[in-house]
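Peer 1: I would like to see how this sequence folds:
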Amino acid sequence: MAFARMFMPSADEVAAAVTEDRYSSSMQSPPPLLASLLAAVRAAPDDVPLRVHVSQVLLDHDRAAEALEHCSVVLAREPGNAEALALLRRATAALSGTPEPITDEPATEPEESTGFDWTRAEREVSAETVNPRTDPVTEDIETSTVTLADVAGMEAVKKRLEIAFLGPMRRPDMAAAFGKSTSGGLLLYGPPGCGKTYIARALAGQLRAKFLAVEITDVLDAYVGDRERHIAEVFATARLNAPCVLFFDELDALGQKRSHLRHDSWLRTVVNTLLNEMDSVNSRNDGVFVLGATNHPWDVDSALRRPGRFDRMVLVLPPDRPARLALLNMQLAGRPLGELDVDALAEATGDYSGADLKHLVDSAAELALSDSMVRGEVRPISMDDFGKVLKEVKPSTGPWLDTARNVTAFGNSDGTYDDLRDYLKRRRRG
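Peer 2: Numbers count the residues shown, from 1 in each chain. Below you'll find the predicted structure:
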């Protein structure tokens, strides 16, 4: 591998390639030079200097979770490796949202174009306001017909919601007696496809409040100027329809850490508007409950996690066994069924999200439908059908859980992800 390292591209060369390819951490395929480095690691997994170099490159391009994996391998072989320890601290800081450790190197002033200036946004949050239209649109307001009683299983989630959100909202006098604030928002996080939006609707039903869902991607796709007005209008609409649950899905698309943003100076006024509206909810408005959802809470900047904003978090995990049983029965309802052991299916589908379970049932139904068309008569769905599709349909939550494991191991110094850490420990024991 000494020969391979002689021709190994430098971090600067990879950076040039990344710039040229307009690469970002949201893309699935790495640029060619980085792909070559990763291929070299696969070919020589014990090459410590190579792994250190790859960790450096990954960190430089905001892939902290992957850098952590390489640092962990290095430190398992060389616990005292100074370079790996330094990179580990950087990756941990990046994932946890805390400032990077102070070094003896002279500080340099960051270029204004390298990322979003959250500090400047905080200073200007009360200075820049957007006036919504006088007749906010109300057609997207829903009346939720579901409550938490309609959410199958997930008792731990319901208990956490009761303690963190519902109880204080229902009894503000008792919350005040214990110094518990009822202001601020709630952030639901967990793997994709596990029902965060459904739980938000159930919370609205539990509070007997209207429900207004906002897709952050719709906001970001609008024209400059319209984005800020859109955010101001949804808050105005929520206030006119109070009590109202205002739900922001995919919050990380807007609230990314400053280190993840490149040349997005236009985002400053959008974030200013969101922060200003959330602060005004605290100080001047009653009956507006702000919820957010994200698959990647470690990518949400700390400015959005401060008191009075999304300052409470609830982990929404893949459905537990009772929830899987209920979801499977719901998806099977109305279809021609043979002798099915739904209990066994629920047992065999640990880590499957609600979306995965729907895909599993749909796939089994497709097999039965195809066979029925050949036979010319209806053939019910059987356990054999599920046996075949279980080999093909695997839980989609695996990559998320792998990243979460790194976050809890190296980026949980303040206890933010204790619930997630405890779940991962139970999952290993199970």
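
Peer 1: D320 is in contact with E347, correct?
Peer 2: No - assessed by C-beta atoms under 8 Å, E347 is found out of contact with D320, at 11.5 Å. C-beta here means a position set from N, CA and C on the backbone, and glycine is covered the same way.

Peer 1: neighbour count winner among those two?
Peer 2: More crowded of E347 and D320, by other C-beta atoms under 10 Å: D320, with 16 against 12.

Peer 1: now the strands for this structure?
Peer 2: Taking DSSP state E as the test, the strands found in the chain are 142-143, 186-189, 210-215, 244-249, 288-294, 312-315.

Peer 1: Between those strands, which one is closest to A177.
Peer 2: Relative to A177, the nearest member of these by C-beta to C-beta is strand 312-315, separated by 18.9 Å.

Peer 1: Summarise which helices and strands that closest one is packed against.
Peer 2: If contacts are counted by 3 or more C-beta pairs under 8 Å, 6 or more residues apart in numbering; DSSP states H and E, strand 312-315 sits against helix 155-161, strand 186-189, helix 418-429.

Peer 1: For the first one, list every residue counted as buried.
Peer 2: Going back to what we said before, that points to helix 155-161. Neighbour counts using 16 or more other C-beta atoms under 10 Å place V157, K158, R160, L161 of helix 155-161 among the buried residues.

Peer 1: May I ask which two of those are separated the most?
Peer 2: By the measure C-beta to C-beta, K158 and R160 form the most distant pair in these, at 7.3 Å.

Peer 1: To R171, which of the strands of the chain lies closest?
Peer 2: strand 288-294 (15.0 Å).

Peer 1: So for that closest one, mean pLDDT?
Peer 2: Averaged across strand 288-294, pLDDT comes to 90.

Peer 1: Can you tell me which of the helices and strands packed on strand 312-315 is nearest to P395?
Peer 2: helix 418-429 (11.8 Å).

Peer 1: low pLDDT regions in the stretch 1-150 of the chain?
Peer 2: 1-31, 79-80, 96-139 (pLDDT under 70).

Peer 1: Give the residue spans of the stretch 201-350 of the chain that score low on pLDDT.
Peer 2: 217-218, 220-225, 255-268, 280-286.

Peer 1: With mean pLDDT and distance to I381 as added columns, please give the helices and strands packed on strand 312-315 in TSV.
Peer 2: Shown next, in TSV, are the helices and strands packed on strand 312-315 (pLDDT from 0 to 100; distance: least, C-beta to C-beta, whole Å):
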stretch	mean pLDDT	distance to I381
helix 155-161	84	30
strand 186-189	92	33
helix 418-429	85	30
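
Peer 1: possible to save those as a markdown table with distance to L58?
Peer 2: Shown next, in a markdown table, are the helices and strands packed on strand 312-315 (distance: least, C-beta to C-beta, whole Å):
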| stretch | distance to L58 |
| --- | --- |
| helix 155-161 | 33 |
| strand 186-189 | 23 |
| helix 418-429 | 22 |
